[in-house]
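Peer 1: Next comes the sequence, and after it the predicted model I'd like to discuss.
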Amino acid sequence: MSSTPTSKKPETGSTSDQEERIKRFLATASHDLQSPLRHIAMYAEMLLDDLEPTLDSEQLQSLRMIMDKAQTAQRLTKALMSLAGTTPQVAIGDVRLAEVAQEAWKQAIEEFPVSGAALDADALPLIRSDAALLTIILRHLFSNALAYRGAAAPHVVATAVREGADWRIVVADNGCGIEPAHQERIFDAFWKLPKAGSVPGPGLGLTSTRELLAALGGDIRLEHSDDSGSRFAIRLPA
């Protein structure tokens, strides 16, 4: 008796395939950004050297800001290139977490300008970690809080406490929350939370956050989420 052929569902990419795609994406994007960023920083420095006596204080501040931001972006892309390799390089030093949080918040607000948005992170401690990578990590979390906001003005609270050999950093928001059916997928590569309207980005924010924390010897998990907001818990070695 002949059997009826059964149809097979197409196989989806494995986790290792997704991770390899992420690493290729990070390596390519970071490499391609290095040259223009280097030229922006170089020309800003040249303009400062040539024009500083003729510029007023506001113009000088703007030009120094261009150079500073370009150099910061260079450091971040180098960190991403390192992460995409087999042996990520991490620069550990004293990190004023409150200052890192404010810089990450500033970058997130520039990406998602929202009226009335507020960050409460003044009580964060001095820790030992990598400031550049932590800036990326917090910016991703803050950007998500702004992008997936609720009806009220976004309010994000960042706290940190020492728990034995680790720091426990919590980032809580008052956004629209994540439905239980989606909570296990939020760290998947290229997956984005369904939302009315278009939220920019390739869907790698939380994936990159998890990978960067792994490079620092830490991890992240969604601790709580409902229609009152979400709470992410980060663990970092002290």
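Peer 2: Here it is on my side, so go on. Numbers count the residues shown, from 1 in each chain.

Peer 1: Ile127: which element?
Peer 2: Here Ile127, judged by DSSP states H and E, is contained in strand 126-129.

Peer 1: Give the buried residues for that strand.
Peer 2: Buried positions in strand 126-129, judged by neighbour count with 16 or more other Cβ atoms under 10 Å: Ile127, Ser129. Every residue, glycine included, has its C-beta placed from N, CA and C.

Peer 1: So which elements touch it?
Peer 2: Judged by 3 or more Cβ pairs under 8 Å, 6 or more residues apart in numbering; DSSP states H and E, strand 126-129 is in contact with strand 93-96.

Peer 1: neighbouring contacts of the strand it packs on?
Peer 2: Leu124, Leu126, Ile127, Arg128, Ser129, Asp130, Ala131, Leu134 (Cβ atoms under 8 Å, 6 or more residues apart in numbering).

Peer 1: quick revisit: sheet-wise, list the partners of the strand holding Ile127 with their directions.
Peer 2: Sheet pairing for strand 126-129, assigned by DSSP bridges, gives strand 93-96 (antiparallel).

Peer 1: Return the residues in contact with the residue nearest the centre of the chain.
Peer 2: Most central in the chain under Cα atoms, centre = their mean is His140, positioned 3.0 Å from the mean C-alpha point. Residues in contact with His140, defined by Cβ under 8 Å, 6+ apart, are Gly205, Leu206, Ser208, Thr209.

Peer 1: thinking the first one is in contact with Asn144, fair?
Peer 2: Which is Gly205. Yes - in this structure, Gly205 is within contact of Asn144 by Cβ atoms under 8 Å, at 6.3 Å.

Peer 1: Okay, and the residue nearest to the centre of the chain sits in which element?
Peer 2: Applying DSSP H and E, one finds His140 within helix 131-147.

Peer 1: Following that helix in sequence, what is the next regular element?
Peer 2: Assignment by DSSP H and E places the next element after helix 131-147 at strand 155-163.

Peer 1: Adjacent strands (with direction) for that next one?
Peer 2: For strand 155-163, pairing defined by DSSP bridges yields strand 118-120 (parallel), strand 166-173 (antiparallel).

Peer 1: so of these, which one's packed in deepest?
Peer 2: Most buried of the strands paired with strand 155-163, by mean neighbour count (mean count of other Cβ atoms under 10 Å): strand 166-173, with a mean of 21.

Peer 1: Where does the prediction get shaky in this protein?
Peer 2: Within the chain, the ranges that satisfy pLDDT under 70 run 1-32, 75-76, 78-89, 189-191, 194-204.

Peer 1: For it, which segments count as helices?
Peer 2: Secondary structure of the chain (DSSP state H): helices at 15-51, 57-84, 97-111, 131-147, 205-215.

Peer 1: Let me know the angle separating the last one from helix 131-147.
Peer 2: For helix 205-215 and helix 131-147, the angle between their directions (axes from the mean of the first three to the mean of the last three Cα atoms, to 10 degrees) works out to 150 degrees.

Peer 1: which helices and strands sit right next to helix 205-215?
Peer 2: When contacts are defined as 3+ Cβ pairs under 8 Å, 6+ apart, helix 205-215 packs onto helix 15-51, helix 57-84, helix 131-147, strand 219-226, strand 229-237.

Peer 1: about what we covered before: which of the contacts of His140 lies closest to Ile169?
Peer 2: Checking the contacts of His140 against Ile169 with Cβ to Cβ, the nearest one is Thr209 at 11.8 Å.

Peer 1: give me every residue that touches that closest one.
Peer 2: Ile136, Ile137, His140, Leu141, Ile220.

Peer 1: Repeat the analysis, applying 10 Å as the threshold.
Peer 2: By Cβ atoms under 10 Å, 6 or more residues apart in numbering, the residues touching Thr209 are Leu133, Ile136, Ile137, Leu138, Arg139, His140, Leu141, Asn144, Phe187, Ile220, Phe232, Ile234.
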